[in-house]
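*Asks:* Let me see the structure of the following:
(2 chains)
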Amino acid sequence: DTGVSQDPRHKITKRGQNVTFRCDPISEHNRLYWYRQTLGQGPEFLTYFQNEAQLEKSRLLSDRFSAERPKGSFSTLEIQRTEQGDSAMYLCASSLAVGGYTFGSGTRLTVV
Amino acid sequence: GENVEQHPSTLSVQEGDSAVIKCTYSDSASNYFPWYKQELGKGPQLIIDIRSNVGEKKDQRIAVTLNKTAKHFSLHITETQPEDSAVYFCAAPVGNSGGGADGLTFGKGTHLIIQP
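*Replies:* Got it, this is the predicted structure:
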């Protein structure tokens, strides 16, 4: 499979727990993006990496959220002390150049 | 930052008819405008995009038009088929680059329903 891979597909967690999601981009893509999508809305930009450097963070990304891309390949998104408002689909996308993003199928997080 | 408005929120057309979805944006520096199709349980899939040096781009039954003066762009689907039923999103660049490298701001989506 040469697409963007996200793991897990679904995650149910109790409020207050920490969760971590993984994204494996298309191998030759140097840019990697995280988005959040709630029901009936478009994806909302969270953050992006060029290689291993995190270059931009949205104000939506509170201090409970942290993202890493340690070797410029896969990325992780961690949410600490989850809240019910964190329930959403977390989408990862990658690109080689400007535009032309390829999205993964997302990780659906449910906080109970 | 960029603000993207998308209309309509729901569009129902007869199979074989055309569908048009419109978006407006606020940042005149933006120069890259993609359209995505999202099916249930899947991530958005890029179907067509346009850069500001052209006014129209076509790919088989799908076309996008751009009016930079008015800051709006539209998706046109002709000869609609049942498999065109999905949610469609427009987007424009977030940030200062204008080209989308810093991320995209998405519209709220249009649920396109193709009636048999």
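
*Asks:* Residues of chain A that sit close to chain B?
*Replies:* By C-beta under 8 Å from any C-beta of the partner chain, the part of chain A that sits against chain B consists of A:4, A:31, A:33, A:40-45, A:48, A:55-56, A:58, A:91, A:93, A:98-106. Placement of C-beta: from N, CA and C, glycine included.

*Asks:* Filter the residues you listed down to just the ones in strands.
*Replies:* A:31, A:33, A:44, A:45, A:48, A:55, A:56, A:91, A:93, A:102, A:103 (DSSP state E).

*Asks:* list the contacts for the last one?
*Replies:* Applying C-beta atoms under 8 Å, 6 or more residues apart in numbering or on different chains, we find residue A:103 in contact with A:4, A:35, A:91, A:92, A:93, B:36, B:43, B:44, B:45.

*Asks:* Same question for residue B:116.
*Replies:* Applying C-beta under 8 Å, 6+ apart, the residues contacting residue B:116 are B:15, B:82.

*Asks:* mind redoing it with 6 Å?
*Replies:* residue B:15 (C-beta atoms under 6 Å, 6 or more residues apart in numbering or on different chains).

*Asks:* And it, how far from chain A?
*Replies:* 25 Å (C-beta to the nearest C-beta, to the nearest Å).

*Asks:* before we move on, back to that, need the ones in strands among the residues of chain A next to chain B in CSV (columns: distance to residue A:81 and pLDDT).
*Replies:* What follows is these, written out as CSV (distance: C-beta to C-beta, whole Å; pLDDT from 0 to 100):
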residue, distance to residue A:81, pLDDT
A:31, 29, 93
A:33, 24, 95
A:44, 20, 94
A:45, 23, 92
A:48, 24, 92
A:55, 26, 88
A:56, 24, 82
A:91, 22, 98
A:93, 26, 96
A:102, 31, 93
A:103, 27, 95
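
*Asks:* just the buried members of these?
*Replies:* Applying 16 or more other C-beta atoms under 10 Å in any protein chain shown to these, the neighbour count classes A:31, A:33, A:44, A:45, A:48, A:56, A:91, A:93, A:102, A:103 as buried.

*Asks:* isn't the first one right next to residue A:93, touching?
*Replies:* So that's residue A:31. No - in this structure, residue A:31 is not within contact of residue A:93 by C-beta atoms under 6 Å, at 8.5 Å.

*Asks:* which bits of chain B sit near chain A?
*Replies:* B:32, B:42-44, B:49, B:89, B:94, B:99-103, B:106-109 (C-beta under 6 Å from any C-beta of the partner chain).
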